[in-house]
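[1] make a model of this:
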Amino acid sequence: MILHSFTQNKRETFKVCVPALIYLIQNNLYYVALKLLDATLFSITYQLRILTTAILMVLILSKIFSTIQWGALFIALAGVVCVQVSSKQILDETDQSKKNEADYIIGLTVVFIMCWMSGFAGVFLEKVFKKSSCDIWLQNIRLSIITLPFAILTITRDREILQKNGFFYGWTNLIWIIALSSAVGGVMVAAVMKYADNIKKSFCQSIALGGTALISVLTGDSRATVLLFTGVGFVIISVFLYSLFPPKGSINDSKIPQKLRKPESFDSSQNGEPTPVK
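    Below is the predicted model of the structure:
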C-alpha cells in the first residue's frame, strides 16, 4: 500500500516533498539561529511565525479573517512572547558579550526566513492534506521516508560510535518516551491541519506552551511571575476572541439547519413557473 501510494500517485508524492524539504532546511537553520542569537531573543522573534502563517493562509488558501481575529492573533503573539520571556530570562552579560552586532543581524535574518518557511510549509501541507484522499498516517509516512535519507547523512558524524555501540546507543527509557510522544504529536498535528487549520494549530501550541510553563511552576522548576500569568491570560483571551468573532458571512449556508433558513415564497403568475417574491 505504501509503495503503491508512492508509485501510482507521483504528483501527490512530489507535493509532499516540498514541505518536507522546507522542514529539513528549517531544522538546520534552527541551530544556526541559536548559535548567533541568545535564547530569549530567538524565542521572541520566532513567534512571528503566527503572523506569517496567517498572511500566507490569506494568500494561498484565500482564508478570510475578521478584524477582531487579526487582533486576536496579535494578542496571542504578545502572550506567547510574555511566556517565553518569563521562562527564558535574559542571559548573563558574559554570554551576551560573545555576540557581536553582525551576529545579531545575521541571526535575526535567519529567524525571519524561518518564520516565512514555517508558515509556507504549514499552509502548503494543509492544502495537500485537505485535498488528498490518502489517510493521515500514510501522508506522515511519506514525509518521514522523504526526509529519511537526509537524516541519515546527519548521523555519519557519529558513525564510529554507532558501529561500536549499536544504533540505539544512549537511548534511555525517557528518550523512548520522548520519541513516541513526538511521533503521536506529529499525527495529531497532521489531523489538526487536515480537519481544522494552521491558525488553530498555532493556538494549540500557544496553549500548550502556557500550560507547560504553569506545570513548571507547580513542579518548582520555574518561578511564578506576573509576566507568565499575563502571557497565559493573553493566550486564553485570544482563543476566545478568535472563536467568537468569525468573519461575517463565513458560515456555509448548506450547514444552516432548514428551520433556521429564511423561508421562500413564490409567485406563479408568470408562465406558470415559480418566481421568488422580493
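
[2] so where's the stretch 101-250 of the chain uncertain?
    Low-confidence segments of the stretch 101-250 of the chain (pLDDT under 70): 249-250.

[3] try 90 this time
    Applying pLDDT under 90 to the stretch 101-250 of the chain picks out residues 101-105, 125-126, 128-172, 175, 178-179, 181-198, 200-229, 231-232, 247-250.

[4] all strands for this structure, in order.
    Ranges of strands within the chain are 266-267, 275-276, based on DSSP state E.

[5] could you tell me the least trusted of those strands?
    When these are ranked by mean pLDDT, strand 266-267 comes last with a mean of 43.

[6] longest helix in this structure, by number of residues?
    Among the segments of the chain that qualify as a helix by DSSP state H, the longest is helix 101-131.

[7] now find how far off-centre that helix is within its chain.
    With C-alpha atoms, centre = their mean, to the nearest Å as the basis, helix 101-131 stands 11 Å off its chain's centre.

[8] now stretch 158-172
    32 Å.

[9] ok, back up a step: tell me what the longest helix of the chain is packed against?
    If contacts are counted by 3 or more C-beta pairs under 8 Å, 6 or more residues apart in numbering; DSSP states H and E, helix 101-131 sits against helix 10-36, helix 39-46, helix 49-61, helix 136-154, helix 173-195, helix 198-218. C-betas here are computed from N, CA, C, even on glycine.

[10] quick one: it to helix 49-61, angle?
    In terms of direction (axes from the mean of the first three to the mean of the last three C-alpha atoms, to 10 degrees), helix 101-131 departs from helix 49-61 by 40 degrees.

[11] contacting residues around stretch 192-204?
    Applying C-beta atoms under 8 Å, 6 or more residues apart in numbering, the contact partners of stretch 192-204 are 49-50, 53-54, 57, 61, 63, 73, 76, 119, 122-123, 125-126, 129-130, 136, 189, 235, 238-239, 242.

[12] would you mark the buried spots in that stretch?
    V192, M193, K194, D197, N198, I199, K201, S202, F203 (16 or more other C-beta atoms under 10 Å).

[13] repeat for stretch 68-75
    By neighbour count with 16+ other C-beta under 10 Å, stretch 68-75 contains the buried residues Q69, A72, L73, I75.

[14] now intersect these with the helices, please.
    Using DSSP H, those in helices are Q69, A72, L73, I75.

[15] just give me the closest of those to C82.
    I75 (10.6 Å; C-beta to C-beta).

[16] check the gap between the closest residue in space to that closest one that isn't next to it in sequence and I55 for me.
    Of all residues not flanking I75 in the chain, S238 sits nearest, at 4.1 Å (C-beta to C-beta, 6 or more residues apart in numbering). The spacing between S238 and I55, counted by C-beta to C-beta, to the nearest Å, is 17 Å.

[17] neighbour count: these two, which is higher?
    Set side by side, S238 and I55 show more neighbours around S238, with 25 against 15, by other C-beta atoms under 10 Å.

[18] ok, that one touching L73?
    Yes - counting by C-beta atoms under 8 Å, S238 touches L73, with 7.2 Å between them.

[19] who touches both of the two?
    When contacts are counted by C-beta under 8 Å, 6+ apart, S238 and L73 have no shared neighbour.

[20] thinking again about what came up before, now, which of the buried residues of stretch 68-75 sits nearest V18?
    L73 (25.0 Å).

[21] which residues does that closest one contact?
    Contacts for L73 were tallied using C-beta under 8 Å, 6+ apart; they are I50, L51, A54, F65, I199, S238, Y242.

[22] 10 Å instead?
    By C-beta atoms under 10 Å, 6 or more residues apart in numbering, the contact set of L73 is I50, L51, T53, A54, I55, F65, I199, S202, F203, S238, L241, Y242.

[23] ok, back up a step: show me the contacts for the residue nearest to I75.
    Taking C-beta under 10 Å, 6+ apart as the test, what S238 contacts is 50, 69, 71-80, 203, 206-207.

[24] cool, and G185?
    Neighbouring residues of G185 by C-beta under 10 Å, 6+ apart: A208.
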